[in-house]
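> Based on what follows, work out the 3D shape:
(one chain, ligands or ions: 1)
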Amino acid sequence: MKRQLCQSVQDGRIAHAQLFTGLSGVGKLGLALAYAQYIACPNRTNEDSCGVCPSCLQYQKLQHPDLHFAFPIVKGDDGDVCDDFVEKFRNLILENRYFDLEDWYRAMGVETKQGMIYEKESSEILRKLSLKSFGDGYKVMVIWQPEKMNATCANKLLKLLEEPPTKTLFLLVSEHPELLLSTILSRVQEVRVPRLSEETIASGLCGEYAWLGGDDAKAIAHMANGSYLTALRTMNESEDNQGYFDDFVALMRNAWLVGQKKDYSALLKLRQWSNDMADSKVGREKQKAFLQYAQRQIRENYIYNFACPEMNYQTEKERQFSTRFAPFIHEGNVEKMMDELGKAEQQIGQNGNAKIIFFDLCLQMIVLVK
Ligand SMILES: [Zn+2]
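Numbers count the residues shown, from 1 in each chain. Below is the predicted model of the structure:
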């Protein structure tokens, strides 16, 4: 993709409106910005921009005077146009080029999830593009999540795309191009950004987390399904998952001890386990998340029996546990276990008594794990 983009610049084929599409977390925005930097760099090579000229340095800080942004905002005390929020937006990108709308809402510090590109922004876009460019290069308007434009704004943008001001470049970056007006879609050239390869994700993770082992990086990359954002989230959640893993192991081990080994001291441990899980400090969301995690582990352990590692999505620790535990998950109990865990999750969601729900789950597992 990068080679294609570079080649099109060298051939002088720069479409004035381009739409970068692809899954969340594959690097669409980063690629669009690198592309704009490449176009502006006077010393670019066949493969990349020079990275050291004044233009490149300004691009790297996202402070190039010909680089403009539009993105969804939540109107309020902080302002009502993108410029009022652009510092936060720049900082978010500089911190980590892989983020989604949720991250952006968090960075803006808003509770509501109703971000939008408002009508007023279209006049801002027009104003910025009517300015003379600083160099003799392109004025670049990066529109992140253009599907969040309200109808008036979208129609005004359409007019701009039909009759673009001279030397302007629109780079639209979208996760849901199907939500854009078909008239807009027909005026942009699509740049489909593919999923990242597992090798790319793993090497990215190892670069960012020096302490991360190669096998764990590979396991996380495998689970990330082509999205670096997903991989980063897995890293952040791994502490949580760590807790869930221990909880899951405790449930299964003690249930097996009671049911199969008639070790009734383990029953007391299960009683304690249910009380701990039901503790109000844990909270319903975490309780539900644990039950989802447990369902995923049951499924993974069942699949583990087919000895088909590329079908398994587990961390190294989970896989280790599966070498011993997987034989206890089979045709005879897998469905019932999933049912019971799903039922518990549902009941927690309906504000049922967590102590009773978790202990009842323990009793079911005692019967089922064998
Ligand atoms: Zn340069």
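
> Quickly find the element holding residue 46.
In this structure, residue 46 sits in neither a helix nor a strand according to DSSP states H and E.

> How much space separates it from residue 3?
Distance of residue 46 to residue 3, computed by Cβ to Cβ, to the nearest Å: 9 Å. Every residue, glycine included, has its C-beta placed from N, CA and C.

> Neighbours of the nearest residue to residue 276 once chain neighbours are set aside, how many?
Spatial nearest neighbour of residue 276, excluding adjacent residues (Cβ to Cβ, 6 or more residues apart in numbering): residue 282 at 7.7 Å. Neighbourhood size, residue 282 [other Cβ atoms under 10 Å]: 16.

> Quickly find the element holding residue 18.
strand 17-21.

> With residue 55 instead?
Counting by DSSP H and E, residue 55 is found in helix 54-60.

> ok, the residue of the chain positioned farthest from its centre to the ion distance?
Using Cα atoms, centre = their mean, the residue of the chain lying farthest from its centre is residue 262. It sits 45.3 Å away. With distances taken as Cβ to the ion, to the nearest Å, residue 262 is found 74 Å from the ion.

> next one: residue 363
From residue 363 to the ion the distance is 67 Å (Cβ to the ion).

> So that residue: helix, strand or coil?
Classification of residue 363 using DSSP: H, G, I helix; E, B strand; the rest coil returns helix.

> for it, what are its contacts?
Applying Cβ atoms under 8 Å, 6 or more residues apart in numbering to residue 363 gives no contacts.

> Tell me the confidence at it?
Listed pLDDT for residue 363 reads 97.

> Return the alpha-carbon coordinates of the helix holding residue 55 using PDB.
This file holds the C-alpha atoms of helix 54-60, laid out as PDB (Å, rounded to 0.1, in the frame of the first residue of the first chain):
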ATOM      1  CA  PRO A  54      11.600  21.700   7.800                       C
ATOM      2  CA  SER A  55       8.400  20.400   6.100                       C
ATOM      3  CA  CYS A  56       8.900  16.900   7.400                       C
ATOM      4  CA  LEU A  57       9.600  18.200  10.900                       C
ATOM      5  CA  GLN A  58       6.500  20.200  10.900                       C
ATOM      6  CA  TYR A  59       4.500  17.200   9.700                       C
ATOM      7  CA  GLN A  60       5.900  15.000  12.400                       C
END
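
> and whichever helix or strand comes after that helix, how far from the chain's centre?
Going down the chain from helix 54-60, the next helix or strand is strand 67-70, by DSSP H and E. On the basis of Cα atoms, centre = their mean, to the nearest Å, strand 67-70 sits 23 Å off its chain's mean C-alpha point.

> Which strands or helices does strand 67-70 pack on?
Contact here means 3 or more Cβ pairs under 8 Å, 6 or more residues apart in numbering; DSSP states H and E; on that basis strand 67-70 packs against helix 86-95, helix 119-130, strand 139-144.

> Would you give the sheet partners of the shortest one, along with the direction of each?
Read that as strand 139-144. Strand pairing for strand 139-144, using DSSP bridges, gives strand 67-70 (parallel), strand 168-174 (parallel).

> so can I have JSON lines of those showing mean neighbour count?
Shown next, in JSON lines, are these (neighbours: other Cβ atoms under 10 Å):
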{"stretch": "strand 67-70", "mean neighbour count": "23"}
{"stretch": "strand 168-174", "mean neighbour count": "24"}
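
> Any chance of TSV for those, columns distance to residue 19 and mean pLDDT?
Output for the strands paired with strand 139-144, formatted as TSV (distance: least, Cβ to Cβ, whole Å; pLDDT from 0 to 100):
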stretch	distance to residue 19	mean pLDDT
strand 67-70	14	97
strand 168-174	4	97
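
> Any chance of those in TSV with distance to the ion as columns?
Below are the strands paired with strand 139-144 laid out as TSV (distance: least, Cβ to the ion, whole Å):
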stretch	distance to the ion
strand 67-70	14
strand 168-174	17
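
> Output those in JSON lines; the columns should cover distance to residue 341.
As requested, the strands paired with strand 139-144 are exported to JSON lines (distance: least, Cβ to Cβ, whole Å):
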{"stretch": "strand 67-70", "distance to residue 341": "44"}
{"stretch": "strand 168-174", "distance to residue 341": "37"}
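
> so which of those comes closest to residue 24?
Relative to residue 24, the nearest member of the strands paired with strand 139-144 by Cβ to Cβ is strand 168-174, separated by 10.6 Å.

> From the rest of the structure, what touches that closest one?
So strand 168-174 is contacted by 14, 16-21, 28-29, 32, 35-36, 39, 129, 138-147, 160-161, 164, 180, 188 (Cβ under 8 Å, 6+ apart).
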